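A.B. asks: Sequence first, then the predicted structure, then my questions.
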Amino acid sequence: MIEGIDGAGKRTLAEALEGALAGRVARMAFPRYGVSVYGDLIRDGLHGRLGAFGDEVHGMAMLYALDRREAAPDIRALLDAHDYVLLDRYVASNAAFGAARLHQGAGGEFVGWVHEIELGRFGVPVPHAHLLLRVPPVIAAARSTRRAQTEADRGRDTWESDDALQSRVAAVYDGLAAADWLAPWHVVDGSTVPDTAELAKKLAE
Ligand SMILES: Cc1cn([C@H]2C[C@H](O)[C@@H](COP(=O)(O)OP(=O)(O)O)O2)c(=O)[nH]c1=O
C-alpha cells in the first residue's frame, strides 16, 4: 500500500516500483473514479457537488469504504495472479484523512471506526505492508497545485487546498507508521528520488 498526503508523489513511486518488480506486480488506485459509483460520488463530494454531505466525515469515509468493499474480489483475484499488488491509497488513507478532519490522532476513535467498518464488517483484504511517502506538506502543496494546473478537468479539490488539513494528515500518518497499524510501515523520504530496487526488496521481506 502506498500512502502519503496529497502531492507526495505516490503515483510516481507506484510507477517506478512497477518497473522494478516487472511482470510480477499489479496496480490499483483508490478511490476508483470512473469505475465505481462510489468513486464518482467521492469526486463530487471532494469538489463541493454533494452539498453538505461533503462535510460529513463519517459519510464520506463510508463511500471510500464501500468503494473498497466492491473492489475486494478484484484485489483477491490480483493477489492470486501476481506476487505483489500495489495499491495507491488503501484503508490507511481513510483513517488518516478522517482522523485529521476530526482533529483526532492515530490512536483516536475514528481510526478504530475505520478498522471496524472496513476490516471487520466489510472484510476487505488485510494489507501486508505500507510505504509511507513522507514529504514536507509545503512541497506536496506545490506539487498538487502544479498538477491541478497541468491536468485538464481537474482543479485542486477542497482537501488538497487545505494546508492545515494536510499537515494534520501527515501527523496522523506518522502515528500510524509508528504503531505499524494493520501491517509493517516503511517510511520513504519523498523529497529525494527513492531507491526503488531497495524498496522492492523491503516489500519482499
Ligand atoms: C482512498 C482514500 C482517499 N481519501 C482522500 C485522500 C485524498 O485527499 C482524496 C482523493 O484521493 P487521491 O488519491 O488524492 O485522488 P486524486 O488525487 O486522484 O484526486 O481522498 C480518503 O479520505 N479516504 C480514502 O480511503
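C.D. replies: On my side now, so go ahead.
A.B. asks: State whether Phe97 is indeed within a strand.
C.D. replies: No - per DSSP: H, G, I helix; E, B strand; the rest coil, Phe97 lies outside any strand segment and is helix.
A.B. asks: which residues does it contact?
C.D. replies: 61, 159, 169 (CB atoms under 8 Å, 6 or more residues apart in numbering). (Glycine included, C-beta is placed from N, CA and C.)
A.B. asks: Please repeat the previous calculation with a cut-off of 7 Å.
C.D. replies: If you count contacts by CB atoms under 7 Å, 6 or more residues apart in numbering, Phe97 has them with 159, 169.
A.B. asks: pLDDT wise, what is it at?
C.D. replies: As predicted, Phe97 sits at a pLDDT of 98.
A.B. asks: Would you mind measuring from it to Asp195?
C.D. replies: Distance, Phe97 to Asp195, using CB to CB, to the nearest Å: 28 Å.
A.B. asks: what's the worst-scoring helix or strand of the chain on mean pLDDT in contact with?
C.D. replies: Ranking every helix and strand in the chain by mean pLDDT, DSSP states H and E puts helix 196-204 at the bottom, with a mean of 82. Helix 196-204 has contacts (CB under 7 Å, 6+ apart) with 16-17, 20-21, 84, 129, 131, 186, 188.
A.B. asks: Kindly format the C-alpha coordinates of that helix as CSV.
C.D. replies: C-alpha atoms of helix 196-204 as CSV (Å, rounded to 0.1, in the frame of the first residue of the first chain):
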residue,chain,number,x,y,z
THR,A,196,13.1,1.5,-5.9
ALA,A,197,15.2,-1.6,-6.1
GLU,A,198,15.8,-1.3,-2.3
LEU,A,199,12.1,-0.7,-1.7
ALA,A,200,11.1,-3.7,-3.8
LYS,A,201,13.4,-5.8,-1.6
LYS,A,202,11.8,-4.4,1.6
LEU,A,203,8.4,-5.3,0.3
ALA,A,204,9.5,-8.8,-0.4
